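return a 3D structure for these sequence lines:
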Amino acid sequence: MFKNTTVLVTGGTGSWGTELIHQLLAQEPNKIIVYSRNENNQVEMRRKIEDPRLHFFIGDIRDKDSLNQAFIGVDYVFHLAALKHVPVCEENPLEALKTNVIGTQNIIEAAISNKIKKVVYVSTDKAADPVNSYGMTKALGERLMIHANQTNSLTKFFCVRGGNVLGSSGSVVPLFKKQIQEKAEVHITDMRMTRYFVTPQQAIKSLLKAAELGNGGEIFVLRMDACRIIDLAEILIEHSDKEDVKITEIGARPGEKLEEVLVGEIEKSATYVYDQDLLVILSPQNRTDSSELNSLAIIDSHHLMPKEALKQILSEGGFLD
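Model prediction:
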């Protein structure tokens with residue numbers, strides 16, 4: 001699909017973006033454009049990935065003119081840029097709105113103007129039955145993407161919704177490892193907390209599959225297993241060189257759920273099992289294509305992976321020393 005094409009990735013220097021670029025380069029594109037606003041991150045990526053097909057564009061998705069310039073000659077867009085940290089978005093809801101909603105609409109308009117073939121919007125499980133500013137703005141981003149298919153016939157817009165990527169910047173695994181080494185203490189907001197996790201490699205493999213399958217209007221959902229955060233902390237402690245590490249409960253942060261879901265309550269009737277990697281939530285316009293799909297197998301965070309399975313995922317992802 002991507003051979004001899006030009007692909008642009010917004011927010012391309014983040015954890016999802018870095019793994020996406022590695023896997024895209026293997027598919028022989030002519031050019032990959034990394035569009036982001038952090039100069040230092042772009043410089044670091046340029047040094048780590050020395051490939052003449054990789055190009056960099058400093059810009060903000062809030063800036064329509066910048067996006068229109070960057071989209072010239074582009075075939076496919078992966079939209080990853082977002083304000084994503086729940087506490088930050090709770091403290092700055094207007095800024096979250098400007099980036100995650102208005103910025104996404106700017107992406108849509110620039111894509112239509114430049115006749116992009118496909119736009120893939122990377123969303124989050126927090127957009128399902130959202131309770132915080134981050135989840136609400138990402139849910140609105142999904143709605144904008146789905147609706148964009150009704151306003152044009154050339155560009156296909158669809159979404160890929162996932163959970164937490166292990167080891168991503170600011171996420172719990174590097175935080176816990178840092179706390180273990182520096183404080184011999186791990187802070188857990190609530191001992192009952194569960195979350196969905198996936199390795200970067202598997203997340204991007206599923207993302208690229210969805211990118212090929214998408215015909216416009218779908219929300220693809222990565223099939224992931226949930227785990228208990230306390231299990232995650234205990235495994236990291238077991239594999240550290242520290243003794244007598246304490247686990248301290250500090251209370252849930254504003255906007256945090258105890259348990260996330262991959263599919264919201266009102267979405268279940270439109271959700272189908274695509275294959276072993278993906279669910280798909282169909283819009284009313286493409287539900288006629290669902291005859292060959294299986295109905296939704298209920299998937300929520302009450303179906304927890306065993307501790308040994310979590311340990312295996314952490315080991316495969318290279319997170320256990």
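
now do the contacts for Ile247.
For Ile247, the contact set (Cβ atoms under 8 Å, 6 or more residues apart in numbering) comprises 185-186, 188, 230, 233-234, 237. Quick note: C-beta positions are derived from backbone N, CA and C, even for glycine.

name the member of these with the most neighbours.
Val186 (23 neighbours; other Cβ atoms under 10 Å).

that one contacts Ala233, correct?
Yes: when contacts are counted by Cβ atoms under 8 Å, Val186 is listed as touching Ala233 (4.7 Å).

what touches both of the two?
Common contact partners of Val186 and Ala233 (Cβ under 8 Å, 6+ apart): 176, 247.

which of the contacts of Ile247 fall in helices?
Among these, the members found in helices (DSSP state H) are 230, 233-234, 237.

can you pull out the strands in the stretch 201-321 of the chain?
Applying DSSP state E, counting those that start in this stretch to the stretch 201-321 of the chain gives strands spanning 219-222, 225-228, 246-249, 271-273, 278-281, 294-295.

turn those strands into TSV, columns for mean pLDDT.
Shown next, in TSV, are those (pLDDT from 0 to 100):
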stretch	mean pLDDT
strand 219-222	96
strand 225-228	89
strand 246-249	93
strand 271-273	91
strand 278-281	94
strand 294-295	64
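
how about these, which one is nearest Lys31?
The closest of these to Lys31 is strand 219-222. By Cβ to Cβ, the value is 25.3 Å.

now the closest one: buried residues?
By 16 or more other Cβ atoms under 10 Å, the buried positions in strand 219-222 come out as 219-222.

ok, of those, which one's closest to Asp51?
For the buried residues of strand 219-222, the nearest to Asp51 is Leu222 (26.9 Å; Cβ to Cβ).

and the closest residue to that closest one other than its chain neighbours, bridged to which residues?
The shortest distance from Leu222 to any non-neighbouring residue, by Cβ to Cβ, 6 or more residues apart in numbering, is to Gly162 (4.2 Å). Beta-bridge partners for Gly162, by DSSP bridges, are Thr124.

so Gly162 sits against Phe220, correct?
No: using Cβ under 8 Å as the test, Gly162 is too far from Phe220 to be in contact (9.2 Å).

just give me the neighbour total for the residue nearest to Leu222.
25.

OK, contacts around it?
Residues in contact with Gly162 (Cβ under 8 Å, 6+ apart) are 122-125, 196, 198, 203, 206-207, 221-222, 224.
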